[in-house]
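K.L.:
Got a predicted model here, sequence first, then my questions.
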Number of protein chains: 2
Amino acid sequence: MSVTAPLGFEAAGVAVGLKSSGSPDVAVVVNRGPLKVGAAVFTSNRAKANPIIWSQQAVQDGVVEAIVLNSGGANCFTGSFGFQTTHQTAEKAGQLLGVSAGDVLICSTGLIGTGDEAFRGKVLEGTEKGIAQLSADGGEAASLAIMTTDSRPKRSVVTRNGWSIGGMAKGAGMLAPGLATMLVVITTDAVIDAGQADAALRDATRVSFDRLDSDGCMSTNDQVTLMASGASGITPDFAAFAGALADVCADLARQLQGDAEGASHDITIEVVHAASEEDAVEVGRSVARNNLFKAAIFGNDPNWGRVLAAIGTTAAEFDPYDVDVWMNGVRVCSQGGPDASRDDVDLAPRATHLLIDLRVGAATATILTNDLTHDYVHENSAYAT
Amino acid sequence: MSVTAPLGFEAAGVAVGLKSSGSPDVAVVVNRGPLKVGAAVFTSNRAKANPIIWSQQAVQDGVVEAIVLNSGGANCFTGSFGFQTTHQTAEKAGQLLGVSAGDVLICSTGLIGTGDEAFRGKVLEGTEKGIAQLSADGGEAASLAIMTTDSRPKRSVVTRNGWSIGGMAKGAGMLAPGLATMLVVITTDAVIDAGQADAALRDATRVSFDRLDSDGCMSTNDQVTLMASGASGITPDFAAFAGALADVCADLARQLQGDAEGASHDITIEVVHAASEEDAVEVGRSVARNNLFKAAIFGNDPNWGRVLAAIGTTAAEFDPYDVDVWMNGVRVCSQGGPDASRDDVDLAPRATHLLIDLRVGAATATILTNDLTHDYVHENSAYAT
């Protein structure tokens, strides 16, 4: 169900030939109200795709009526022609739905540089077809239409006392992270206002998608959108809503990590006793981006020296000779020196836990990443994204 | 000849079983004078190996009599026992050579966390054996003894009017870069003082080793050392000396790039028309560290979208919609949009040239890197470093 689990939403997923496979490639999600509240966060890459430039403007008034998403082409670095394509897509959707084009958000994913006349024609066709097929159980079809290299759709729903939140996602990457573009649409029938939607979304993404750093490559097209219909008629406590939204985001982030291109290990990097949360995030991210560490995990090698070398490149407060490192529950390094034997560590399971104890403060952060594998190299050398 | 090409130097390379292969693993280079000038630059990783901590102190007076280098163990994160090993090595060499231990530099490379009693015994044995075998044509043997995953030794010599500079190197990585540890020893028989040696070395490494960014992983053990004997009796013009030193460093950096672990492309990233040299370096380095770009080059895919996405993560002055990108002489992107067809670009040759024209200023920088390959993943997952 995903985005159509909450009341007040309709969705569709259709195929118009943007993907050579013939799989669905255009998704539409529409908010039937009564509220039309929207909020979104975007890639921090300065090289932004046309749909990002459009959506950033369109969401500013906190009103979102609908969102149109396509796979099979990023419409990024396609010049003013590409921007006009995005604009025309919003106009077309607005016209057919009887709403302002300025309240329609657009997302695209696929190869950068794709956005020619044929692309435009298909996206417009998909918008029309999708709107014609909108239904209250179209969430599943929509979640399939946004997939690119994903091996499976990502969906999540939480239900509370009379209200719910639903979401769908594709790819893996936000702000810093990457792989394929990450697109996320989250819906809720709770009664919230635009300020609450924005605040809750920023809080939730900061500790979920923004701490997923699969390969350190930031996409030009990442977008996470939240739409609220208020159709449940229930106004939840803000903390309760924010908590439920955080749960959905965390669940989707874990699903993205678990389906990262070519990965054979899902690595949870937990940094504890840091001087600040910023320090903990910087240390976790530095390790998550260290190719030597990531290749070692692929090889089931508990190479803690590469962990310390990665920490050493940060500005975080720590003493290299007073750091403990645990891998899957075994302390392989204590106070910057060797501890348990490498042979005691079992890195065969896909779920891998790295604990870094900086021993200087009380702050903590968790970063999710993946290993660096032959399949990652293969997918990203053979498949143009 | 490498480090023994200039007059006044003796060297040796011996095998003491630090490498399980039985290949040479301890090198000694001694300056017979009359000058005993030395300068060195070190990894900027805050997690420093014991030999780095020692050598940083020992070189501060500008006097270097000798350097002892071992492969087969990094002596990093080996606690105070490891530091004592480094200290004892310098003491042993000083004693045998009749010089102060404080004028003996130490370098180590190999697995982090290696530095136990057996390691200490072998390093001390190698120091003794190496000093016993010192000879004026020992440069070649020394260059072999510092190799780890290198497939071939790296040596360079430039000869000027009556004076010369010689060098040897292993691995690839300095300051930011990585892979294996980079160790470089450069010798000269020119008459220079410690201040000149330091200034020339910093200038030369800044635009050579420091712009080689093979895999973005900074080692804990990187060290580049320059020793001057003055044995030619000739005092070159400082600019002439600095230029010759820069040539040797650039030559060795190219050799390191050409032998980077698992690489199939040597990528030269030239950034032009940047607002400042810092901007140009930041842009080049960001592209050099982008796994998606590096995997694309491995797959002979001229994926310029990944180049622009990497530039977009920097703080450099540029307009994403006014950037040109050339690959091997073909302009694939002009003003942030598609230009020549991807099919026009031949990425089959190992030497790959990426030109990024930021179109904002007059500054330029060149970064050297490699592609991300199956062999890189294999070497770094199967081989513990």
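P.N.:
Thanks, I have it.
K.L.:
Spell out which residues of the stretch 251-385 of chain A are next to chain B.
P.N.:
Counting by Cβ under 8 Å from any Cβ of the partner chain, the residues of the stretch 251-385 of chain A close to chain B are A:289-292, A:295-296, A:298-299, A:301, A:303-306, A:308-314, A:320-321, A:333, A:335-338, A:372-374, A:376-378, A:380-382, A:384-385. C-beta coordinates here come from the backbone N, C-alpha and C atoms, glycine included.
K.L.:
And the average pLDDT for stretch A:35-44 is what?
P.N.:
Averaged over stretch A:35-44, pLDDT sits at 95.
K.L.:
Would you mind listing the buried residues in that stretch?
P.N.:
Across stretch A:35-44, burial judged by 16 or more other Cβ atoms under 10 Å in any protein chain shown covers A:Leu35, A:Lys36, A:Val37, A:Gly38, A:Ala39, A:Ala40, A:Val41, A:Phe42, A:Thr43.
K.L.:
Just name the closest of those to chain B, please.
P.N.:
Among the buried residues of stretch A:35-44, A:Thr43 lies closest to chain B (Cβ to the nearest Cβ), at 8.4 Å.
K.L.:
Which residue, neighbours along the chain excluded, lies closest to the closest one?
P.N.:
Leaving aside its sequence neighbours, A:Thr43 sits nearest to A:Asp222 (Cβ to Cβ, 6 or more residues apart in numbering or on different chains; 3.8 Å).
K.L.:
Would you confirm that the one you found contacts A:Lys170?
P.N.:
No. Using Cβ atoms under 8 Å as the test, A:Asp222 is too far from A:Lys170 to be in contact (10.7 Å).
K.L.:
Now for those two: what residues contact both?
P.N.:
A:Thr181, A:Met182, A:Leu183 (Cβ atoms under 8 Å, 6 or more residues apart in numbering or on different chains).
K.L.:
The first one in helix, strand or coil?
P.N.:
What it means is A:Thr181. Following DSSP: H, G, I helix; E, B strand; the rest coil, A:Thr181 is assigned to coil.
K.L.:
and the one residue in the stretch 151-300 of chain A that gets nearest to chain B, how many residues sit next to it?
P.N.:
Closest residue of the stretch 151-300 of chain A to chain B, Cβ to the nearest Cβ: A:Gly299 (2.9 Å). Counted by other Cβ atoms under 10 Å in any protein chain shown, the residues lying close to A:Gly299 total 21.
K.L.:
Quick check: pLDDT value at it.
P.N.:
Predicted confidence (pLDDT) for A:Gly299: 92.
K.L.:
what's the spacing between the closest residue to it other than its chain neighbours and B:His265?
P.N.:
Closest residue to A:Gly299 apart from its sequence neighbours, by Cβ to Cβ, 6+ apart: B:Ser381 at 2.9 Å. Here B:Ser381 is placed at a distance of 20 Å from B:His265 (Cβ to Cβ, to the nearest Å).
K.L.:
ok, back up a step: can you flag which of the buried residues of stretch A:35-44 belong to strands?
P.N.:
With strands taken from DSSP state E, the overlap with these comprises A:Val37, A:Gly38, A:Ala39, A:Ala40, A:Val41, A:Phe42.
K.L.:
who in the stretch 1-150 of chain A is up against chain B?
P.N.:
A:Asn45, A:Arg46, A:Ala47, A:Lys48, A:Ala74, A:Cys76, A:Phe77, A:Thr78, A:Gly79, A:Leu111, A:Ile112, A:Gly113.
K.L.:
residues contacting the residue nearest to A:Gly115 when sequence neighbours are not counted?
P.N.:
Spatial nearest neighbour of A:Gly115, chain neighbours left out: A:Thr78 (3.1 Å); criterion: Cβ to Cβ, 6+ apart. Each residue near A:Thr78 by Cβ under 8 Å, 6+ apart is listed here: A:Asn50, A:Thr85, A:Gly113, A:Thr114, A:Gly115, A:Asp116, B:Gly337, B:Pro338.
K.L.:
Spell out the residue ranges of the helices in the stretch 251-385 of chain A.
P.N.:
According to DSSP state H, counting those that start in this stretch, the stretch 251-385 of chain A carries its helices in the segments A:277-288, A:291-298, A:304-311, A:374-382.
K.L.:
Could you save those as TSV and add columns showing mean neighbour count?
P.N.:
Output for the helices of the stretch 251-385 of chain A, formatted as TSV (neighbours: other Cβ atoms under 10 Å in any protein chain shown):
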stretch	mean neighbour count
helix A:277-288	23
helix A:291-298	27
helix A:304-311	28
helix A:374-382	21
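K.L.:
Do you know the pLDDT at the nearest residue to A:Leu18 once chain neighbours are set aside?
P.N.:
Distances taken as Cβ to Cβ, 6+ apart place A:Gly72 nearest to A:Leu18, at 2.9 Å, with adjacent residues excluded. Looking at A:Gly72, its pLDDT is 92.
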